[in-house]
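Visitor: How does the following fold in three dimensions:
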Amino acid sequence: MAALATGFLELPDHIITPWLGKVKGGSVLAALSPSEAQKFGTGKAMVFDSGEAELVSEGGQKSSNDITKSTQSVEPHKFQKTVRMNEEVIWADEDHQLQAVSQILDQIQPALSRALDFGGIHGINPKTGAVASSITQKLASVTNIVTRSAASPGKPYAHLDAADALVLADGFVPEGIALDPAFAASFSALRGTNSEQKMYPNFRLSTEVSELDGHRSSVSRTVGAVGTATVASGILGIVGDFSGFRWGVQRAIGLELIKYGDPDGQGDLKRNNQVAFRAEVVYGWGIGDLDAFALIKAGE
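Guide: Numbers count the residues shown, from 1 in each chain. From the prediction side, this is the model:
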């Protein structure tokens with residue numbers, strides 16, 4: 001492998017493919033929602049509905065079906081992460097170059113994966129925790145809300161049932177749930193009456209999809225954004241039809257090796273005998289209908 005050159009480096013397929021797969025390991029939205037190939041920039045998807053079939057009696061006439069359409073817009077949002085290292089990292093021999101790149105990706109990938117949730121759920125800049133005015137589509141805008149009292153929380157499945165009812169009332173099927181770890185633990189701790197058997201033995205406290213009371217479930221701290229969002233969201237769970245959230249990676253993931261200047265405001269690289277690696281990803285996402293979801297939130 002040739003020495004790393006200054007400038008933009010397109011990663012080989014054997015790195016890109018696992019990286020894209022790892023997005024699902026760090027994001028509940030990626031785990032529960034279908035990804036799709038996207039071109040860069042804003043876009044719109046058309047959803048058509050021609051209604052149901054018609055019963056025709058013998059010799060009866062056939063009528064036409066009206067076609068209705070709805071539009072789902074997709075917006076691009078760029079996230080980046082810059083990591084500094086001592087310049088000795090580029091002095092490694094050929095056998096260690098790819099290992100260095102992999103170690104850098106190990107630092108960058110999880111943050112860029114979580115960024116999809118912080119943007120798509122809360123509409124915030126993950127670095128600062130502040131709401132980003134550029135993000136207009138976010139699940140925090142859902143108006144179907146079930147409140148869980150802090151003083152008398154009750155059984156967690158009662159809140160899940162209530163959220164299901166709200167989504168069903170709006171004509172959608174609540175097949176999935178994303179949970180904050182604290183709320184997820186309340187399900188994991190439940191045992192059967194006079195039994196040590198777990199009520200939800202197939203449920204796992206991980207981002208990897210498991211089963212919770214008939215729902216596809218995924219768990220991550222990104223759901224509540226505790227410690228990241230500057231203003232507490234109070235979101236404990238998101239229940240709904242996650243096929244209504246569409247996302248994709250609009251730009252190929254690359255690594256930029258920066259050897260000169262001050263790319264991140266931390267001082268001149270040459271003066272500090274450092275180099276910087278930067279990775280950027282542009283996600284595109286859109287929400288078909290906010291009524292396809294319900295939020296379970298913590299009460300005052």
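
Visitor: Okay, residue 177 and residue 109: tell me how far apart.
Guide: Going from residue 177 to residue 109 by Cβ to Cβ, to the nearest Å gives 25 Å. For every residue, glycine as well, the C-beta is placed using N, CA and C.

Visitor: neighbour count winner among these two?
Guide: Each of residue 177 and residue 109 has its neighbours counted (other Cβ atoms under 10 Å); residue 177 has more, 29 against 21.

Visitor: Do a quick rundown of the helices in the stretch 201-300 of the chain.
Guide: In order along the chain, the stretch 201-300 of the chain carries no helices (DSSP state H, counting those that start in this stretch).

Visitor: so what's the residue nearest to residue 275 when sequence neighbours are not counted up against?
Guide: Distances taken as Cβ to Cβ, 6 or more residues apart in numbering place residue 87 nearest to residue 275, at 4.9 Å, with adjacent residues excluded. By Cβ atoms under 8 Å, 6 or more residues apart in numbering, the contact list for residue 87 reads 259, 269, 273, 274, 275.

Visitor: Nearest to residue 26 among the residues you listed?
Guide: For these, the residue nearest residue 26 by Cβ to Cβ is residue 275; the value is 25.5 Å.

Visitor: can you tell me how far the residue nearest to residue 275 sits from residue 262?
Guide: Note on residue 87: its distance to residue 262, by Cβ to Cβ, is 15 Å.

Visitor: same deal with residue 170?
Guide: From residue 170 to residue 262 the distance is 51 Å (Cβ to Cβ).

Visitor: Then residue 137?
Guide: Distance of residue 137 to residue 262, given as Cβ to Cβ: 34 Å.

Visitor: Pull the most distant pair out of the contacts of residue 87.
Guide: Maximum pairwise distance in the contacts of residue 87, criterion Cβ to Cβ, is 10.9 Å, between 259 and 273.

Visitor: Send me stretch 287-300 as CSV with only the CA atoms.
Guide: This file holds the C-alpha atoms of stretch 287-300, laid out as CSV (Å, rounded to 0.1, in the frame of the first residue of the first chain):
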residue,chain,number,x,y,z
ILE,A,287,-40.5,11.8,7.3
GLY,A,288,-43.6,10.8,5.4
ASP,A,289,-46.2,11.6,8.2
LEU,A,290,-45.5,12.6,11.8
ASP,A,291,-48.8,10.9,12.7
ALA,A,292,-47.2,7.5,12.0
PHE,A,293,-45.3,8.0,15.3
ALA,A,294,-46.0,8.6,19.0
LEU,A,295,-43.6,9.7,21.7
ILE,A,296,-43.4,8.4,25.2
LYS,A,297,-42.1,11.3,27.3
ALA,A,298,-41.1,11.8,30.9
GLY,A,299,-43.5,13.9,33.0
GLU,A,300,-42.5,16.8,35.2
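
Visitor: Buried residues in it, which are they?
Guide: By 16 or more other Cβ atoms under 10 Å, the buried positions in stretch 287-300 come out as 287, 288, 290, 291, 292, 293, 294, 295, 296, 297, 298.

Visitor: Identify the residues contacting residue 125.
Guide: Contacts for residue 125 (Cβ under 8 Å, 6+ apart) come out as 118, 131, 132.

Visitor: what's near enough to touch residue 141?
Guide: Listed by Cβ under 8 Å, 6+ apart, the contact set of residue 141 reads 123, 290.

Visitor: For it, what are phi and psi?
Guide: Dihedral pair for residue 141: phi -80, psi 0, per degrees, to the nearest 10.

Visitor: Roughly how far does it sit from residue 245?
Guide: From residue 141 over to residue 245 the distance is 12 Å, taken as Cβ to Cβ.

Visitor: and residue 164, which of the three is it?
Guide: When classified by DSSP: H, G, I helix; E, B strand; the rest coil, residue 164 comes out as helix.

Visitor: Which helix or strand contains the closest residue to it other than its chain neighbours?
Guide: Distances taken as Cβ to Cβ, 6+ apart put residue 174 closest to residue 164, at 4.6 Å, once the chain neighbours are dropped. Residue 174 belongs to no helix or strand when assigned by DSSP states H and E.

Visitor: Lowest-confidence one in the buried residues of stretch 287-300?
Guide: By pLDDT, residue 288 ranks lowest within the buried residues of stretch 287-300, coming in at 87.

Visitor: wait, that residue sits on residue 240?
Guide: No: applying Cβ atoms under 8 Å, one finds residue 288 not in contact with residue 240, separated by 10.7 Å.
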